[in-house]
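Trainee: Generate a structure from the sequence data that follows.
(one chain, ligands or ions: 1)
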Amino acid sequence: MDIKNKNIAIVGSTGILGTEYVNFLSSKGANVIIGDIDFKKCEVYANEMKAKFKTNPLALYIDLYDEKSIEFYFKDLISYYGKLDVLINNSQVKPEGFYNSFEDYSKETLMKVIEGNTVGMALSCREASKIFLKQGYGNIINVSSIYGITGADQRIYDGVKNIYNPDEKLSSPISYAISKAGILNMTKYLASYYREKGIRINCLTPGGVLDNHDKVFIENYSYRTLLGRMANRDEFNGSILFLVSDASSYMTGANIVVDGGWSAI
Ligand SMILES: NC(=O)c1ccc[n+]([C@@H]2O[C@H](COP(=O)([O-])OP(=O)(O)OC[C@H]3O[C@@H](n4cnc5c(N)ncnc54)[C@H](O)[C@@H]3O)[C@@H](O)[C@H]2O)c1
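Mentor: Next up is the predicted model:
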């Protein structure tokens with residue numbers, strides 16, 4: 001599982017799990033290309049990683065709604081390093097109206113979520129694949145969610161405060177379900193498309209991560225898992241390390257589910 005000096009691009013690097021992956025992979029000696037729409041934070045983390053782990057990180061702006069910016073992200077990282085080993089597509093978007101009930105869900109919001117989460121990810125895979133084809137090797141990890149493999153359990157949101165947007169009732173919206181399910185089959189499609197080309201594409205499916213959530217939500221959520229709790233931020237690191245390293249060399253088109261048993265029942 002040695003990843004020292006591997007160049008690993010993370011798209012969606014400055015949120016809850018992105019920062020965790022940046023820190024963890026840097027601690028193992030990888031050079032992380034810290035990509036996000038929030039460029040200021042990317043710069044802060046790049047400086048932090050350089051100082052803490054003496055790696056060679058790179059902060060790069062990327063906006064998944066903007067095809068040109070996706071193209072530039074990959075061009076810029078190649079002009080800097082000359083090669084790319086791994087891409088982790090970890091971002092998610094939450095445009096206005098994201099938490100609306102299904103009856104009030106506008107076509108615009110639905111399209112925006114699918115565009116940001118799924119179409120943007122496909123374009124990111126496309127640009128990385130051009131590099132990987134030239135190199136003759138490459139590795140992509142796409143991040144889905146338990147709500148991409150199961151129907152959202154809407155019962156756990158009853159009477160719960162929305163910490164992300166207090167003006168909207170917390171729920172897991174239809175747009176998230178569609179976009180995250182799409183990521184799973186995109187992964188299988190691309191694994192088959194790039195068969196025998198040295199390019200592996202897999203999916204990571206996390207369960208809910210403990211944040212500053214409402215107490216009722218934590219209780220409701222925990223009850224639905226077999227381990228009786230939400231995940232801690234660092235509990236996907238092991239799977240990420242396995243997927244980005246050569247330890248997973250015989251794996252492609254697969255999905256690793258790390259959900260405390262949520263989807264087992
Ligand atoms: N946190 C959880 O409980 C959980 C559970 C299951 C799956 N996931 C998945 O794991 C991944 C990470 O989750 P998280 O909780 O850290 O998310 P987050 O919302 O904290 O982070 C998302 C990141 O994406 C970036 N982003 C938003 N719009 C963008 C755009 N247009 N272009 C580029 N970047 C953009 C944000 O700036 C942010 O850094 C997501 O794909 C999410 O769906 C998370």
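Trainee: Quick one: list the elements packing against the longest strand seen in the chain.
Mentor: Identified as the longest strand of the chain according to DSSP state E is strand 199-206. The contact analysis (3 or more C-beta pairs under 8 Å, 6 or more residues apart in numbering; DSSP states H and E) places strand 199-206 against helix 120-135, strand 138-143, helix 146-149, helix 174-193, helix 237-244, strand 255-258. From N, CA and C alone the C-beta is placed, and that goes for glycine too.
Trainee: just those: most buried one?
Mentor: strand 138-143 (a mean of 25; mean count of other C-beta atoms under 10 Å).
Trainee: same question for it, mean pLDDT?
Mentor: Taken as a whole, strand 138-143 carries a mean pLDDT of 98.
Trainee: Partner strands of that strand and their direction?
Mentor: strand 86-89 (parallel), strand 199-206 (parallel) (DSSP bridges).
Trainee: Going by proximity to the ligand, name the top residue of the protein.
Mentor: residue 15 (2.0 Å; C-beta to the nearest ligand atom).
Trainee: The ligand contacts on the stretch 1-150 of the chain?
Mentor: With the criterion set to C-beta under 6 Å from any ligand atom, the stretch 1-150 of the chain comes near the ligand through 12, 14-18, 36-38, 62-65, 90-93, 116, 143, 145.
Trainee: make that the stretch 151-265 of the chain, sorry
Mentor: Residues of the stretch 151-265 of the chain lying near the ligand by C-beta under 6 Å from any ligand atom: 206, 208-209.
Trainee: Phi, psi for the spatially most central residue of the chain please.
Mentor: Nearest to the mean C-alpha position of the chain, by C-alpha atoms, centre = their mean, lies residue 90 at 1.6 Å. Dihedral pair for residue 90: phi -120, psi 0, per degrees, to the nearest 10.
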